[in-house]
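Participant: what follows is a predicted protein model with its sequence.
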Amino acid sequence: MAVQINPSILSADFARLADEAKAVEGADWLHVDVMDNHFVPNLTLGVPIVESLVRATDIPLDCHLMIEDADRWAPQYVEAGAGSVTFHVEAAAAPVRLAREIRAKGARASMALKPATPIEPYEDLLPELDMLLIMTVEPGFGGQAFLDIMLPKIRRTRELISKHGLELWLQVDGGVSASTIEQCAEAGADVFVAGSAVYGAGDPAEAVRALRAQAERATARASWACDD
Ligand SMILES: O=C(CO)[C@@H](O)[C@H](O)COP(=O)(O)O
């Protein structure tokens, strides 16, 4: 699977979201962080802004729900027009039912794991998903330092994906930058969320291109990608 770079609008100017989406032309998805001040100690945006963003950009939306009661809310983000909806397993009462509902409504179903949540209990759920998100910071804020203790979890997840022959995308989010993206790609990630590394750059579109080039080079030398 080709490398994908998804800029996180958490680091963008919220008063100019339509322009900020245009500033990352060439990105694969726009990563939209939805926070409710309960699941995480921060508050961002909800369904109406997602509906507006869908109208404002041709880049598909990758909505990452850092909210409680995911079973109730996630389907509403599909209806709002998100192309991919990620719920946290820690916030879902019935993750299999929820993933099936997201897919049935027409979006890609994705599940996220906080840093302290292991992948192993969820091995049997992987065929129900289109993407798995491994958080590489504690969710809630942009601009945090990458947790390199997550690299073994990325490697183990890539092994499970290969073992089961799945098409599942493996996303990493948090502290992804020019200094860390290659380690993530070598460990097995293929979808990279970057907030401050893109929107903190003078030219966000150029930052996307540079991150993609780095990730592609690292993937090309990664053993997990050569084994296929
Ligand atoms: O979900 C989150 C934070 O909870 C992320 O999407 C951040 O927005 C990534 O920002 P950087 O760490 O790349 O600055």
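Facilitator: Noted; the coordinates are in hand.
Participant: please make it C-alpha for all contacts and neighbour counts, starting now.
Facilitator: Will do.
Participant: which residues sit in contact with the residue lying closest to residue 150 once chain neighbours are set aside?
Facilitator: Closest residue to residue 150 apart from its sequence neighbours, by C-alpha to C-alpha, 6 or more residues apart in numbering: residue 136 at 6.1 Å. Taking C-alpha atoms under 8 Å, 6 or more residues apart in numbering, we find residue 136 in contact with 114-115, 146-148, 150, 172-175.
Participant: what's the PyMOL line that selects buried ones from the residues you listed?
Facilitator: PyMOL command restricting these to the buried ones, with burial defined by 16 or more other C-alpha atoms under 10 Å:
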select buried, resi 114+115+146+147+150+172+173+174+175
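Participant: also near the ligand: which of the contacts of residue 136, exactly?
Facilitator: Counting by C-alpha under 6 Å from any ligand atom, 173-175 from the contacts of residue 136 sit close to the ligand.
Participant: out of the contacts of residue 136, which are inside strands?
Facilitator: Here DSSP state E is the test, and the contacts of residue 136 give 172-173 as lying in strands.
Participant: turn the contacts of residue 136 into JSON lines, columns for pLDDT and distance to residue 64.
Facilitator: JSON lines is the format used below for these (pLDDT from 0 to 100; distance: C-alpha to C-alpha, whole Å):
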{"residue": "114", "pLDDT": "98", "distance to residue 64": "12"}
{"residue": "115", "pLDDT": "98", "distance to residue 64": "15"}
{"residue": "146", "pLDDT": "98", "distance to residue 64": "18"}
{"residue": "147", "pLDDT": "98", "distance to residue 64": "19"}
{"residue": "148", "pLDDT": "98", "distance to residue 64": "21"}
{"residue": "150", "pLDDT": "98", "distance to residue 64": "19"}
{"residue": "172", "pLDDT": "99", "distance to residue 64": "12"}
{"residue": "173", "pLDDT": "98", "distance to residue 64": "10"}
{"residue": "174", "pLDDT": "98", "distance to residue 64": "12"}
{"residue": "175", "pLDDT": "98", "distance to residue 64": "16"}
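Participant: buried residues, the longest helix anywhere in the chain. List them.
Facilitator: Taking DSSP state H as the criterion, the chain has its longest helix at helix 204-220. Using 16+ other C-alpha under 10 Å as the test for burial, helix 204-220 gives 204-209, 211-212, 214-216, 218-219.
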